[in-house]
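Asks: when you get a sec, could you give me coordinates for this:
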Amino acid sequence: MKVVIVGGVAGGASAAARLRRLDENAEIVVFERTGFISYANCGLPYYVGGVITDEDELTLQTPENFWDRFRVDVRVRHEVIEINVDRKTVTVHGLDADKTYEESYDKLILSPGAKPIQPNIPGADSKNIFTLRTVEDTLKIYKYIETEKPNKVAVIGGGFIGIEASENLAHLGIDVTLIQRSTHLLPPLDFDMACILHTEMKNNGVNLMLNTEVTEIAEKDNRLLLKTSDGYEFQSDMVLFAIGVIPDTTLAKSAELELGIKGSIIVNDRMETSAPDIYAVGDAVEVKNFVTENKTHIALAGPANKQGRIVADNICGGNSTYKGSQGSSVIKVFDMTAASTGINESVAKVAGIDYERVILSPSSHAGYYPGGKVMTMKVLYEKETLKILGAQIVGYDGADKRIDILATAIRTGMKATELAELDLAYAPPYSSAKDPVNMAGFMIENIVSGKVKQFHHDEIDMLPRDGSVTLLDTRTPYEYAMGRADGFINIPVDDLRERLSEIPKDKPLYVMCQSGLRSYLSCRILTQNGYDCYNFSGGYRFYDIVKRGKAQSASTYHCGMNK
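Replies: Numbering: from 1, shown residues only. From the prediction side, this is the model:
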């Protein structure tokens, strides 16, 4: 059996290695059009920033190592330019020798990945404009920075690569402006959670331009002049496009394989395409969203590697299936960590799901042990079924651990209330006896059982201020004086029982504190005394972050740039 693999990075390399482990006699040929295989896309920005200092560390394998270990014939700098489905051959162009030839196959695996989106704006092909997708891209950027020493860099796009590149460029002492067309960074997060990252980016010297679109780039005085949709102009020595990727499926399209979302290759759960004996994996394929079961496109390394393994199993006579992607991800943002799994509110609304969410701000470990830091967690669940839909965490230590627990809970089909029952490891340096994931479960349990009713930050401005409801802040007078939501009166939780007479019982009562804990305790006191009480989800700290984020997004911070 002869297996040809197009693309030697995550999915392709994983398939090749698995094939050899299952079939010692198979002939395996991998074509990779770049000069590198099995490289770590996610590590590329950290080489630019000097965190990873050895170029060789970017590649997990070399063609020579692959041959020595697996007897896989890896041909780098070879581009497959055509598939002949009927004859079961591929046409290959050797880039270095500039020669074209045909290679036959019994089974063909397509793992071409995705390519950076190039904006259709004047000047997008100007000099000193880069993308960051391959090792060659990385080395080119690294060399430019080393030789030209740019003072100002504009990064266009606020996704994973844009954020990581901005952080690493800022670490080099470069003045970085990050431009994002939408109202917030990192699309897997909801706006409210992303607001925390906006503050972290700006606190570390990154100029943020949210809700802004670059409409033109021009060369001026040996620099680049960027013009935006709202009339701003500013100069930069270098521009990095990081506005997303699209499936690289030109080859599949020319072979008339069936295509889906964003032109991605349609596959079944065995990763088989519409053509016989042709499989596809990785960033180029359409997958099922594990939560909504809708078709989607998710470009992440984890799913690509799993899919490569599944294809190898099936080629070798197995019956492995891919059950869908839930988009679990984590990213370092200076000193913070942002992580998510499943779907966010935006996706839930589009899917028509009737959901609820809880927001909490637990410490990363026991409060009495030094060094604990607050994380903000958001968990979404379907009201009727209690199915966990997704989770987002922005914090410091322990954020990655908790998102992995929640990702596992989604994958196993746990109900949201069952998070309270998880038996998780505890020691003061690592957690609390009631882990943050347990706490989310407790909160959901209280809501489902009717012990607590909630209101959220997007409802505060709609609450009447005409006296028909009572708005209560149960923080200390000092906290209240430092900042408060409009219309909220202050009665500290510890004084509440003695001051119940000051609160009318014939009106709905909306209660807030700093994090949501004291207002929850207050609501339990008030509910048992006959009040119709609603607890504010997330607390004033979260409300203040989102409120400031809304103002920043609406006004678009240009950080000293002149119109």
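Asks: show me which helix or strand of the chain is least confident by mean pLDDT.
Replies: helix 539-555 (a mean of 83; mean pLDDT, DSSP states H and E).
Asks: what residues sit buried inside that one?
Replies: 539-547, 549-550, 552-553 (16 or more other CB atoms under 10 Å). C-beta coordinates here come from the backbone N, C-alpha and C atoms, glycine included.
Asks: same deal with stretch 271-281?
Replies: 271-275, 278-281.
Asks: same question, stretch 168-181
Replies: Under 16+ other CB under 10 Å, the buried positions of stretch 168-181 are 168-171, 174-181.
Asks: which one of the residues you listed is nearest to Val285?
Replies: Arg181 (26.1 Å; CB to CB).
Asks: please enumerate the strands of the stretch 101-250 of the chain.
Replies: Taking DSSP state E, counting those that start in this stretch, the strands of the stretch 101-250 of the chain run over residues 107-110, 114-116, 129-131, 152-156, 175-179, 207-209, 214-220, 223-228, 233-236, 238-241, 245-247.
Asks: out of those, deepest packed?
Replies: Among the strands of the stretch 101-250 of the chain, strand 107-110 has the highest mean neighbour count (mean count of other CB atoms under 10 Å), at a mean of 28.
Asks: from the chain's centre, how far out does that one sit?
Replies: 29 Å (CA atoms, centre = their mean, to the nearest Å).
Asks: contact partners for the residue lying closest to Val135 once chain neighbours are set aside?
Replies: Nearest residue to Val135 in three dimensions, chain neighbours excluded: Phe36, at 4.5 Å (CB to CB, 6 or more residues apart in numbering). Contacts of Phe36 were listed using CB atoms under 8 Å, 6 or more residues apart in numbering, and they are 58-59, 76, 134-136.
Asks: what residues does the least confident helix or strand of the chain touch?
Replies: 183-184, 191-192, 194-196, 198-199, 208, 210-211, 359, 361, 376, 457, 460, 473, 475, 479, 483-485, 512-517, 519, 536.
Asks: now list the buried members of those.
Replies: 183-184, 191-192, 194-196, 198, 208, 210-211, 359, 361, 376, 457, 460, 473, 475, 479, 484-485, 512-517, 519, 536.
Asks: those residues in helices, which ones?
Replies: 191-192, 194-196, 198, 457, 460, 479, 517, 519 (DSSP state H).
Asks: follow-up on the earlier one: how about a markdown table for the strands of the stretch 101-250 of the chain, with distance to Pro428 and mean pLDDT added?
Replies: A markdown table is the format used below for the strands of the stretch 101-250 of the chain (distance: least, CB to CB, whole Å; pLDDT from 0 to 100):
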| stretch | distance to Pro428 | mean pLDDT |
| --- | --- | --- |
| strand 107-110 | 49 | 98 |
| strand 114-116 | 44 | 89 |
| strand 129-131 | 46 | 92 |
| strand 152-156 | 40 | 96 |
| strand 175-179 | 38 | 96 |
| strand 207-209 | 37 | 95 |
| strand 214-220 | 49 | 91 |
| strand 223-228 | 50 | 93 |
| strand 233-236 | 48 | 92 |
| strand 238-241 | 43 | 94 |
| strand 245-247 | 43 | 92 |
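Asks: output these in a markdown table, with distance to Ser264 appended to each entry.
Replies: Converted to a markdown table, the strands of the stretch 101-250 of the chain look like this (distance: least, CB to CB, whole Å):
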| stretch | distance to Ser264 |
| --- | --- |
| strand 107-110 | 11 |
| strand 114-116 | 9 |
| strand 129-131 | 20 |
| strand 152-156 | 24 |
| strand 175-179 | 27 |
| strand 207-209 | 30 |
| strand 214-220 | 26 |
| strand 223-228 | 31 |
| strand 233-236 | 33 |
| strand 238-241 | 21 |
| strand 245-247 | 4 |
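Asks: how about the ones you listed, which one is nearest Arg18?
Replies: Among these, strand 107-110 sits nearest to Arg18 (CB to CB), with 10.7 Å.
Asks: what is the closest one packed up against?
Replies: strand 2-6, helix 10-22, strand 278-280, helix 301-315 (3 or more CB pairs under 8 Å, 6 or more residues apart in numbering; DSSP states H and E).
Asks: and with 7 Å instead?
Replies: The helices and strands touching strand 107-110, judged by 3 or more CB pairs under 7 Å, 6 or more residues apart in numbering; DSSP states H and E, are strand 2-6, strand 278-280.
Asks: how close does the residue sitting furthest away from the middle of the chain get to Gly317?
Replies: The C-alpha centroid of the chain is most remote from Ser501, which lies 48.6 Å away (CA atoms, centre = their mean). Computed as CB to CB, to the nearest Å, the Ser501 to Gly317 distance reads 78 Å.
Asks: quick one, what contacts Glu213?
Replies: Counting by CB atoms under 7 Å, 6 or more residues apart in numbering, Glu213 touches 181, 228-229.
Asks: do you know how far it is from Asn128?
Replies: On the measure of CB to CB, Glu213 and Asn128 end up 20 Å apart.
Asks: tell me where the model's unsure across the stretch 451-563 of the chain.
Replies: Within the stretch 451-563 of the chain, the stretches with pLDDT under 70 are 552-563.
Asks: returning to that earlier point: can you tell which of the strands of the stretch 101-250 of the chain is closest to Glu345?
Replies: strand 207-209 (22.0 Å).
Asks: spatially nearest residue to Ser14, not counting backbone neighbours?
Replies: Gly308 (3.3 Å).
Asks: got a pLDDT number for the one you found?
Replies: Looking at Gly308, its pLDDT reads 96.
Asks: that one and Asp283 touch, don't they?
Replies: No - assessed by CB atoms under 7 Å, Gly308 is found out of contact with Asp283, at 11.8 Å.
Asks: could you name every residue contacting both of the two?
Replies: Counting by CB under 7 Å, 6+ apart, Gly308 and Asp283 have no common neighbour.
Asks: what's the neighbour count on the closest residue to Gln118 other than its chain neighbours?
Replies: Once flanking residues are discounted, Gln118 sits nearest to Ala124: 6.1 Å by CB to CB, 6+ apart. Number of residues near Ala124 (other CB atoms under 10 Å) recorded here: 15.
Asks: what about the strands in the stretch 301-450 of the chain?
Replies: Using DSSP E, counting those that start in this stretch, strands in the stretch 301-450 of the chain cover 329-333, 336-342, 355-360, 376-382, 388-395.
Asks: please identify the deepest-packed of those.
Replies: Scoring the strands of the stretch 301-450 of the chain by mean count of other CB under 10 Å, the most buried comes out as strand 388-395, with a mean of 27.
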